[in-house]
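# This is a predicted model, with the sequence first.
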Amino acid sequence: MNILQVYLTLAAVLFSLGIFAVITRRNAIAVLMGIELILNAANLNFIAFARFGGMNFSGHIFALFVIVLAAAEAAVALAIIINLYQNFQSINVDEAQQLKQ
Amino acid sequence: MSNLHSIKYFIPELIILATVLIGIIADLFYSKKKSYLTGNWILGGLILALISILLHNLQNVTTLFTDMVALDPFAVFFKLIILIATIFVVLISRYNKEFTDYRVGEYYVLLAIMVFGLFLMVSAVDLIMIYLAIETVSIMSFILAGYLKSERRSNESALKYVIYGAFSSGLMLFGMSILFGLTGVTKICLIGNNLMALEGGANFALMISFVLILAGFAYKISVVPFHFWTPDVYEGAPTTITAFLSVAPKAAGFAVVIRFFHIVFGDSVALQAGTWLTQTEIPWAQILALLAVITMTLGNVVAIQQDNIKRMLAYSSIAHAGYMLMVLPVLSSDSIYAIMLYLFIYIFMNLGAFFTVIAVKNITGGETFTDFMGLGWKMPLVGFVMTVFMFSLTGLPPTAGFIGKFYLFASLIKGGSQFYWIAFVGVINSVISLYYYMRVVKVMYFDGEPQKTISNPILPVTLILLVLATFIIIFGIYWTPLADCVRNSLIFYIGGL
């Protein structure tokens, strides 16, 4: 197994864990952490391909942008969750059930 | 084109960025009661950007910032419809009573940043830029959906939006990373070429990567199975934002989808009859067709059961995404032309429907069918324009919606006999949609009686509604100039320059 495969496997595992967290967790913060795992799995892929796959620098640049956007997204999401706590006194995703058919 | 040379072709976007900065600073000087005045600055900036786009004489198709964004008539068309939609939304936001207790300066600024993101989205030709633009738009819409901070429903819609949005853009990003690994490039015009050179063994990875990328796009245009956020977000968000989200990001999402699929899979001979050039043996056309059929059927069937008008319109917007998606498998110039024409008309009729909900909510305070009861007698003008919008959304002549639907179905029939079944399902769906659109009309006229005192919304709101309704009727009777304008915008960058 060459080094690229090792990285890709790790990224795939991280990705699956992230999806698992998003689907199973009820705590909004834990869901966010799952999303971060997915983003970082993609980052790992980009870097691994760029470094070991003999490709150009686009992969590195892509990963840098993703880091920045992940931070912005986390900031907004945390703000929304704080607001959720103020309105519902809970950060449980299931508690937010005002909108239903 | 190099970075410095690009700047002079980037003026509309720069104007919007300057507007954003001016808006932030201007907002500092207004008290809470006067903070709506920031909207005037933003409105001015948007109109300037509109003028600068119209004045700019586009000689040839080119790319800016070393092949990051394309400058072509296709992008210009989408920028124009996004600007038109935003200007209407900014105009009506001033009169939306949901905002009475809030400072609205940031609201307009965020809206302007979103327009910037949408501009990048419709012109992006690089995976990095597509991702950046989609995220810019998404993050702004998360904030705007939760703008009514102390209202639980708005807060909940923002939470659902942020989770679904971040999740599906994460999926899309992972798909892009695999695609990057397979092809070694991020420019979508090169991806198509490099895919040709791939060996058969990569098919599985390629399929996963495209399914994941499609997930990101499908979320943006709310296609099944990534539509779950749509009804909740549309119902909970401030109505002006709902109106905006249902048209502008959807239009931009379609621009990205068309560009991506056409450049990666399409025939490189610009926009000839649809051929899906791919060696991967994955039936993309059939997958898209199936998604479209499921989307419109689900949207229409679930819309029937809704009691909240906003929620009903949310499902109807899912159904409309299905109508537009159903012609994408044809991938011919006729089908893309039909999508663009439909989007243009869709913006007017959907904005109109949501603006009517605002006008009614301002007076009755609610947005369910009971609030619309007898509206045709209490507020004859609002009742009349709502009827026009409902007719148009159904696709009945003599409204513009009929023209849009006509072109959609015509392009399907022209595409060949393998698409007839989609057209058949589409027609059945239009009939289903007639039921719930006409239910609104029925509630407005038959569940009430003539009143002695009639009322109208305040003058500016009435004017905006009348303008939208007039456009719909005019385009329904005399659509040749519109069709020509769309036809001329059908040129887009396909790489190799």
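In hand now; what should we look at? Numbers count the residues shown, from 1 in each chain, chains lettered A, B, ... in the order given.

# which secondary structure elements does the helix or strand that contains A:Val31 contact?
For A:Val31, the element it lies in under DSSP states H and E is helix A:28-52. Contacts defined by 3 or more CB pairs under 8 Å, 6 or more residues apart in numbering or on different chains; DSSP states H and E place helix A:28-52 against helix A:3-24, helix A:58-88, helix B:152-183. Where you see a C-beta, it was placed from the backbone N, CA and C, and this is true even at glycine.

# and the second one, what other elements does it pack with?
What it means is helix A:58-88. Using 3+ CB pairs under 8 Å, 6+ apart, helix A:58-88 sits against helix A:28-52, helix B:127-145, helix B:152-183.

# about what we covered before: mind putting the helices and strands packed on helix A:28-52 into JSON lines with mean pLDDT and distance to B:Ser123?
Output for the helices and strands packed on helix A:28-52, formatted as JSON lines (pLDDT from 0 to 100; distance: least, CB to CB, whole Å):
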{"stretch": "helix A:3-24", "mean pLDDT": "94", "distance to B:Ser123": "30"}
{"stretch": "helix A:58-88", "mean pLDDT": "94", "distance to B:Ser123": "17"}
{"stretch": "helix B:152-183", "mean pLDDT": "93", "distance to B:Ser123": "18"}
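
# deepest of the ones you listed, which one?
Most buried of these by mean neighbour count (mean count of other CB atoms under 10 Å in any protein chain shown) is helix B:152-183; its value is a mean of 25.

# Tell me how far that helix lies from the chain's centre.
Here helix B:152-183 is found 18 Å from its chain centre; the criterion is CA atoms, centre = their mean, to the nearest Å.

# Then stretch B:237-245?
Centroid separation between stretch B:237-245 and its chain, computed with CA atoms, centre = their mean, is 12 Å.

# quick one: is that stretch near chain A?
No: Stretch B:237-245 does not reach chain A (CB under 8 Å from any CB of the partner chain); its nearest approach is 10.3 Å.

# who's in contact with that stretch?
With contacts defined as CB atoms under 8 Å, 6 or more residues apart in numbering or on different chains, stretch B:237-245 is touched by B:85-86, B:89, B:92-93, B:96, B:98-99, B:111, B:114, B:141, B:144-148, B:154, B:157-158, B:161, B:233-235, B:310, B:313-314, B:350-351, B:354-355, B:357-358, B:361, B:367.

# Now that stretch: average pLDDT?
Mean pLDDT, stretch B:237-245: 95.

# just stretch B:329-343 next, same as before
Across stretch B:329-343, pLDDT averages out at 89.

# Same check on stretch B:452-462?
Mean predicted lDDT for stretch B:452-462 stands at 87.

# what do you get for stretch B:26-39?
Stretch B:26-39 carries an average pLDDT of 92.

# how far is that stretch from where the chain is centred?
Centroid displacement of stretch B:26-39 relative to its chain, using CA atoms, centre = their mean, is 29 Å.

# Quick check: phi and psi at B:Leu71.
Main-chain torsions, B:Leu71, degrees, to the nearest 10: phi -120, psi 100.

# cool, and B:Phe65?
Phi and psi for B:Phe65, reported as degrees, to the nearest 10, are phi 50, psi 60.

# Where does the residue nearest to it when sequence neighbours are not counted sit, in terms of helix or strand?
Among residues not flanking B:Phe65 along the chain, B:Ser6 sits closest, at 5.0 Å (CB to CB, 6 or more residues apart in numbering or on different chains). Assessed by DSSP H and E, B:Ser6 sits inside helix B:3-6.

# Quick check: closest non-adjacent residue to B:Tyr22.
One thing to correct before we go on: residue B:22 is Ile, not Tyr. Using CB to CB, 6+ apart and skipping the chain neighbours, the partner closest in space to B:Ile22 is B:Trp41 (5.5 Å).

# Let me fix that, I meant to ask about B:Phe77.
B:Ser489 (3.6 Å).

# Next up, the contacts around the one you found.
B:Pro73, B:Phe74, B:Val76, B:Phe77, B:Met340.

# what do you get if the cut-off is 6 Å, keeping everything else the same?
Shown in contact with B:Ser489 (CB atoms under 6 Å, 6 or more residues apart in numbering or on different chains): B:Pro73, B:Phe74, B:Phe77.

# just B:Ser154 next, same as before
For B:Ser154, the contacting residues are B:Gly146, B:Leu148, B:Gly236, by CB under 6 Å, 6+ apart.

# which ones among the residues you listed come in contact with chain A?
B:Gly146, B:Gly236 (CB under 6 Å from any CB of the partner chain).

# pLDDT on stretch B:87-98, on average?
Average pLDDT, stretch B:87-98: 93.

# What count of nearby residues applies to B:Ser6?
Neighbourhood size, B:Ser6 [other CB atoms under 10 Å in any protein chain shown]: 17.

# Which stretches in the stretch 201-350 of chain B count as helices?
Along the stretch 201-350 of chain B, the segments classed as helices by DSSP state H, counting those that start in this stretch run B:203-220, B:229-236, B:239-265, B:284-304, B:309-325, B:333-364.

# from memory B:Ile11 sits against B:Ile53, does it?
No: with contact defined as CB atoms under 6 Å, B:Ile11 and B:Ile53 do not form a contacting pair (8.6 Å).

# More neighbours: which of the two?
Neighbours per residue (other CB under 10 Å) separate B:Ile11 from B:Ile53, with B:Ile53 holding more: 19 against 15.

# Check which helices and strands the one helix or strand the more buried one maps to sits against.
Following DSSP H and E, one finds B:Ile53 within helix B:38-55. Judged by 3 or more CB pairs under 6 Å, 6 or more residues apart in numbering or on different chains; DSSP states H and E, helix B:38-55 is in contact with helix B:11-28, helix B:73-93, helix B:105-123.

# Let me see the residues that make contact with the longest one.
Translated: helix B:73-93. B:39, B:43, B:46, B:50, B:53, B:115, B:118-119, B:122-123, B:240, B:244, B:247-248, B:251, B:255, B:344, B:347, B:351, B:355, B:464, B:489, B:491-492.

# So how do I select the buried members of those residues in ChimeraX?
Burial among the contacts of helix B:73-93 is assessed by 16 or more other CB atoms under 10 Å in any protein chain shown; the matching ChimeraX selection reads:
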select /B:39,43,46,50,53,115,118,119,122,123,240,244,247,248,251,255,344,347,351,355,464,489,491,492
